[in-house]
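**Student:** just the structure for this:
(one chain, ligands or ions: 1)
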Amino acid sequence: MTGWQQTPATAVLILADGTRLEGYGLGAVGHAAGEVCFNTAMTGYQEVLTDPSYAGQIITFTFPHIGNVGTNDDDIETVNMAALSGVRGVVLKADITNPSNYRAAEKLDAWLKKRNIIGIAGIDTRALTALIREKGMPNGVIVHEPTGQFDEGSIAAELNAFPGLEGLDLAKEVTTAQTYHWDQTSWQWNVGYGTLENPEFHVVAIDYGAKRNILRCLADQGAKVTVVPATASADDILAHNPDAVFLSNGPGDPAETGTYAVPTIQKLMETGKPMFGICLGHQLMGLALGGKTSKMHQGHHGANHPVKDLTTGKVEITSMNHGFAVDADSLPAGVTQTHVSLFDGSNAGLAVDGKPIFSVQYHPEASPGPQDSHYLFTRFLNQVRKQKGLPEKAEYIAPGAAA
Ligand SMILES: NC(=O)CC[C@H](N)C(=O)O
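**Tutor:** Numbering: from 1, shown residues only. Just a heads-up that it's a prediction; the model follows:
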C-alpha cells in the first residue's frame with residue numbers, strides 16, 4: 001500500500017509553525033527533531049544520507065523516487081562509522097520500491113532502520129519545498145509510530161527542546177576519535193597520479209565530519225593522508241610534519257566550531273604550508289581570515305548548482321550542501337572571492353592573495369559535473385609541488401586521459 005492511501009497515518013512530520021503532514025512510516029520507529037531542509041539531487045541518496053554534514057537535519061528529497069537502486073557498502077560517505085546516523089530523518093514523496101540494481105545489497109527501508117533513521121513517505125514534497133523556500137528551513141519533528149497512536153505531548157516537548165542549528169557545534173560529535181592514516185587500497189576506483197605505496201606528499205586532514213571521497217581525491221593526487229580529530233591542536237598537526245593541511249566539510253554552525261578551530265587554523269596559516277578547505281572547512285577558513293558567516297534562508301542542497309570560477313571564467317556544475325555561508329563583504333583586504341554561486345550570487349570560494357591558501361563552499365569530490373571541480377585537488381597539490389620544486393600537473397584532465 002502506498003503512503004498517501006494508508007489510514008490511519010503511521011508517520012507524521014510536524015513543523016515549528018504548526019504545519020502537520022501525515023504519511024506512511026519507514027525505517028526506524030520513534031521520533032527525532034531537526035532542521036528540515038530539501039535536497040534536489042536526482043541520484044546519490046545514499047551518499048547524501050551518510051554525509052556527516054547533515055547531522056541535525058531532516059532531509060526532504062524533491063526527487064519523488066528514492067530507493068530505486070537500493071543501498072550498498074561502497075556508497076557510504078562518512079568515514080567515521082560511529083557517526084553514520086547524523087541525519088535525523090528523511091521525507092519522501094513515493095513509497096520505497098524494491099531495488100532494481102546489480103549493486104543493491106539491501107532495501108533502503110531496512111538500511112534506514114539499521115541506522116536509526118526515521119522516514120516518512122506519502123508527503124507532498126513539492127508543497128513542503130515551496131514552504132521551505134518561502135519561510136526558510138524550519139525546525140521540525142519526524143515521527144514513525146506503526147500503531148498510528150502519536151504521543152502528541154512528547155512530540156511537542158521534543159520540538160521545543162531542539163534549539164535549531166544556529167549556535168550548535170556538531171563537528172565534535174561526528175569527528176574521528178583517533179588519528180589514523182586513510183587507507184586507499186580498498187578504494188581504488190579513482191586512481192590517478194599516485195599510489196599509497198609510494199606517496200609523494202603528506203597531507204593532514206582535519207576531520208570536522210569528512211566525506212570518504214575527499215580523502216580518496218587527496219590520495220588520488222599522490223598524497224598520504226593522515227586524518228586528525230576536529231579538536232587537534234596546531235602543534236599536534238605539525239608534529240606529523242605535513243606538506244599541506246586540509247580542512248574538511250562538517251555539520252553545524254561554523255561560528256561555534258570556530259571557537260576552537262579558528263585559533264588552530266590561524267596558527268597553521270602562519271607556517272606557510274598550503275591549505276585547502278571544503279564547505280565547513282571553507283567557512284572556518286573565512287572566519288580565521290577575519291570574515292563572518294551567517295545562516296542562509298533556504299540553504300543549498302543538491303547536485304546541480306552552477307558555480308563560476310572567477311579566476312578562469314569557467315562555470316562548474318557542483319554539488320552543494322550548506323545552510324551557512326561566508327559573507328563575501330566581510331572578507332578583509334588580501335582575501336579574494338574566487339567563486340560565486342550562480343543561483344544566488346553567494347560566496348562559493350576564497351583565496352589568500354600571494355599565499356597557497358584557498359577554499360570552496362561546494363563539494364568538488366562529489367561528481368555531478370561529473371568531474372568539473374576535481375581540478376581543485378590538483379590546484380591544491382600543485383601548491384605543494386611548487387614548494388618542493390616538482391613539476392605542476394595540468395588542472396583539467398579529460399576523463400580517461402593519461403595523467
Ligand atoms: N557540508 C558542509 O560542510 C556544511 C557546512 C555547514 N554545516 C553548513 O551547513 O553550512
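
**Student:** pLDDT weak spots in the chain?
**Tutor:** 1-6, 82-85, 184-197, 397-403 (pLDDT under 70).

**Student:** again, only using 80
**Tutor:** Across the chain, residues meeting the criterion (pLDDT under 80) sit at 1-7, 80-85, 183-198, 369-370, 396-403.

**Student:** which residues of it lie near the ligand?
**Tutor:** For the chain, the contact set with the ligand under CB under 6 Å from any ligand atom comprises S53, N249, G250, P251, G252, P254, C279, L280, N321, H322, G323, F324. Every residue, glycine included, has its C-beta placed from N, CA and C.

**Student:** surely the fifth one and E166 touch.
**Tutor:** No. G252 is not in contact with E166 according to CB atoms under 8 Å; the separation is 9.3 Å.

**Student:** looking at the two, which has the bigger crowd around it?
**Tutor:** Neighbour tally, G252 and E166, criterion other CB atoms under 10 Å: the higher count belongs to G252, 25 against 14.

**Student:** what about the more buried one, helix or strand, and which?
**Tutor:** Using DSSP states H and E, G252 sits within no helix or strand.

**Student:** so who does it touch?
**Tutor:** Contact analysis of G252 by CB atoms under 8 Å, 6 or more residues apart in numbering lists A55, G56, L165, L168, D169, L170, A171, L280.

**Student:** repeat that for G153.
**Tutor:** Contacts of G153 (CB under 8 Å, 6+ apart): none.

**Student:** what do you get for the one 5 residues further on?
**Tutor:** Taking CB under 8 Å, 6+ apart as the definition of contact, the neighbours of E158 are H31, A32, A33, V141.

**Student:** and if you look at G281?
**Tutor:** I206, Y208, F246, L247, S248, N249, G250, S359.

**Student:** repeat that with 10 Å
**Tutor:** The contact partners of G281, by CB atoms under 10 Å, 6 or more residues apart in numbering, come to 205-206, 208-210, 214, 245-250, 254, 261, 265, 275, 359-361.

**Student:** restricted to helices, list the residues you listed.
**Tutor:** With DSSP state H as the criterion, helices contain I214, P254, A261, I265 from among the contacts of G281.

**Student:** touching both of G252 and E166, which residues are there?
**Tutor:** G323, F324.

**Student:** what about the contacts of G281, which are in strands?
**Tutor:** Among the contacts of G281, the residues falling in strands (DSSP state E) are A205, I206, V245, F246, L247, M275, S359, V360.

**Student:** what's the burial count for the closest residue to the fourth one other than its chain neighbours?
**Tutor:** In other words, F246. Distances taken as CB to CB, 6 or more residues apart in numbering put A205 closest to F246, at 4.2 Å, once the chain neighbours are dropped. For A205, the count of nearby residues is 27 (other CB under 10 Å).

**Student:** likewise for the one 10 residues further on?
**Tutor:** A total of 24 residues lie near L215 under the criterion other CB under 10 Å.

**Student:** look up how far D220 lies from the nearest residue to T43 once chain neighbours are set aside.
**Tutor:** Distance criterion CB to CB, 6+ apart; nearest residue to T43, sequence neighbours excluded, is A303 at 7.2 Å. As judged by CB to CB, to the nearest Å, A303 and D220 stand 20 Å apart.

**Student:** Q383 in helix, strand or coil?
**Tutor:** Here Q383 is recorded as helix under DSSP: H, G, I helix; E, B strand; the rest coil.
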